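Engineer: predicted model and sequence below, questions to follow.
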Amino acid sequence: DSAKAFAESSKNKRQSAFLLDIIISLCYFIITQKGVFMPILHASYKDIKKSAKKALRNQSAKSELKTETKKFLDLISSKKMEEAKKQLNFLISQLDKARSKGIIHKNTASRKKSRLMKKLKTT
């Protein structure tokens, strides 16, 4: 079990590293109307790399939030309230972490938490 999990996590890391390399290589060449613009300063290259890394991190965090939300909604639809409450607590903590890191806006996090809690109460 742990060997499979480790193999999958290393595979995901390799895939994300490959995607990051592609994103960075594409970002090096910013297309403008005049042609290809290359950053002159080394700091500009670093900024492009940093923004690509942040975009990849934000994308994976948002995807994880969506997955956890779907799990919660599935639990509610199958009337498993105890598990749904545990999932909601976990989901709320993930939303708060994403909000604190600046991945999602604070009002968005509050709105999502409110709607999820409302769904739990109505069922």
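Structural biologist: It's in. Numbers count the residues shown, from 1 in each chain.

Engineer: so, low pLDDT: which residues of the chain?
Structural biologist: 1-17, 19-39 (pLDDT under 70).

Engineer: this protein: strands as residue ranges?
Structural biologist: 30-32, 35-37 (DSSP state E).

Engineer: count of neighbours near L75?
Structural biologist: By the measure other CB atoms under 10 Å, the count of residues near L75 is 20. C-beta here means a position set from N, CA and C on the backbone, and glycine is covered the same way.

Engineer: any idea how far it is from K118?
Structural biologist: 15 Å (CB to CB, to the nearest Å).

Engineer: who's in contact with E83?
Structural biologist: L75 (CB atoms under 8 Å, 6 or more residues apart in numbering).

Engineer: could you check how far it is from E68?
Structural biologist: As judged by CB to CB, E83 and E68 stand 13 Å apart.

Engineer: how about N58?
Structural biologist: The gap separating N58 from E68 is 16 Å, by CB to CB.

Engineer: likewise for H42?
Structural biologist: With distances taken as CB to CB, H42 is found 39 Å from E68.

Engineer: out of the two, which sits in the busier spot?
Structural biologist: More crowded of H42 and E68, by other CB under 10 Å: E68, with 16 against 8.

Engineer: and the more buried one, what does it touch?
Structural biologist: Applying CB under 8 Å, 6+ apart to E68 gives the contacts Q87, F90, L91, Q94.

Engineer: 6 Å instead, please
Structural biologist: L91, Q94 (CB atoms under 6 Å, 6 or more residues apart in numbering).

Engineer: residues of the lengthiest helix in the chain that come out buried?
Structural biologist: Ranked by residue count under DSSP state H, the longest helix found in the chain is helix 42-77. Within helix 42-77, the residues that count as buried by 16 or more other CB atoms under 10 Å are I48, A52, L56, A61, L65, E68, T69, F72, L75, I76.

Engineer: can you check stretch 101-115 too?
Structural biologist: I103, I104, A109, K112, K113.
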